[in-house]
Every structure is written in C-alpha cells, then in structure tokens.
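Engineer: starting from these lines, generate the structure:
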Amino acid sequence: MEYTFEPMAQEHRREVIDIFNHYIEKSFAAYPGRPVDYAVYDHFLSLSRSYPALAVKSGDGKTVGFAFLHPYHPADSFRKTAMATYFIHPGHTGRGIGTKILNILLKKAHECGIEQVLVNISSLNPGSIGFHLKNGFRECGRFEDIGAKAGKAFSVVWMQRRL
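Structural biologist: The predicted model follows:
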C-alpha cells in the first residue's frame, strides 16, 4: 500500500483522535486512563505550533497515523530541544510507516534548528523502546513507578537522539 505524508490539519481531527484513543484503551503507549474528546486535537495543534506536525494517509485517503514535535520546555534555554509524539493505526503497523514518519520528522526538526529530540515511553511498551533504540535513540533516564493505568504501575523511560 502507498502512503503519503502531509501537514496535520483540521481534516485529520477525528481519525487522529480515534488512533490515539485506541492506544489509550488497548495499551500503555498513550498515558491517559480513558479516551479523550476530539477537542484534544486542538491541544495537539497548539503544542506543535511552529514545529513539524504530520498526518499519514493511506492510498484510500484515510488518516492512518500522525506525528508532531512540540517544545520540551517553555524556557528559551531549551529552544533547540523538542519532544516527539507519534502513533500509527494498529492495522498499519509493521509496514515501515513509523520509521518513515520518524525520519521525516527528524529531518524537518533539523531544518528548523532542533538539535535534540526526546521521547518518553512507558516501561510497559517494550516495542517502542526497541524501535527507538533501533532508530538511534539512547536511553538517558527512568522515573520508576510514577504512572499507573488499568491497575498497573509503570515507569517512564526517557530517550534522546542528537541530530
């Protein structure tokens, strides 16, 4: 299947939040304990203002993933460091989309002066930790047992990639 990448826009709202809610309900990849309202999409767009934000479209025109960068911290001392967030529809994982969107995001980050990209991942999401290690991130810290979801405690793993 052919995939295209385009700037995140209002037209992606419903499918992006549906993807995000899937990971909220079925995994530890997204942190909220219950599904979020479609208004959260406005928060995503606001967070990523002035940063790359992409939607992935399948050949049939459906939004099957999204990715965006956002500030690590509001202080200008950290303006060259960004956080990354991305999720791929579960029916489209394992096809290289995650690697492609990450590479596009990192290239665009570099073009806008970002030097460091950070991610934080639930310790109960070993697939994501492995994906990031395979893609040049290194683990740089862990906050032990700071989260709890569905009756399970989890740690948060911080990873970093220099561009």
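
Engineer: please enumerate the helices of the chain.
Structural biologist: 13-26, 40-47, 97-111, 126-134 (DSSP state H).

Engineer: looking at those, which is nearest to A67?
Structural biologist: Between A67 and the helices of the chain, the tightest spacing by Cβ to Cβ is seen for helix 97-111, at 4.6 Å. The C-beta positions use only the backbone N, C-alpha and C, and glycine is treated the same way.

Engineer: what residues of that closest one count as buried?
Structural biologist: The neighbour-count check on helix 97-111 (16 or more other Cβ atoms under 10 Å) flags 97-98, 100-102, 105-106, 108-109 as buried.

Engineer: how far off centre is it?
Structural biologist: 11 Å (Cα atoms, centre = their mean, to the nearest Å).

Engineer: sorry, back to before: closest to F66 out of the helices of the chain?
Structural biologist: helix 13-26 (4.7 Å).

Engineer: for that closest one, what is the average pLDDT?
Structural biologist: Confidence over helix 13-26 (mean pLDDT, whole number) is 98.

Engineer: circling back: could I get the helices of the chain as a markdown table with distance to F66?
Structural biologist: Formatted as a markdown table, the helices of the chain follow (distance: least, Cβ to Cβ, whole Å):
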| stretch | distance to F66 |
| --- | --- |
| helix 13-26 | 5 |
| helix 40-47 | 8 |
| helix 97-111 | 8 |
| helix 126-134 | 15 |
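
Engineer: the ones you listed: which one's closest to Y86?
Structural biologist: helix 97-111 (5.9 Å).

Engineer: which of the buried residues of helix 97-111 sits closest to A84?
Structural biologist: L105 (6.2 Å).

Engineer: correct me, but the closest one touches Y86?
Structural biologist: Yes: applying Cβ atoms under 8 Å, one finds L105 in contact with Y86, separated by 7.1 Å.
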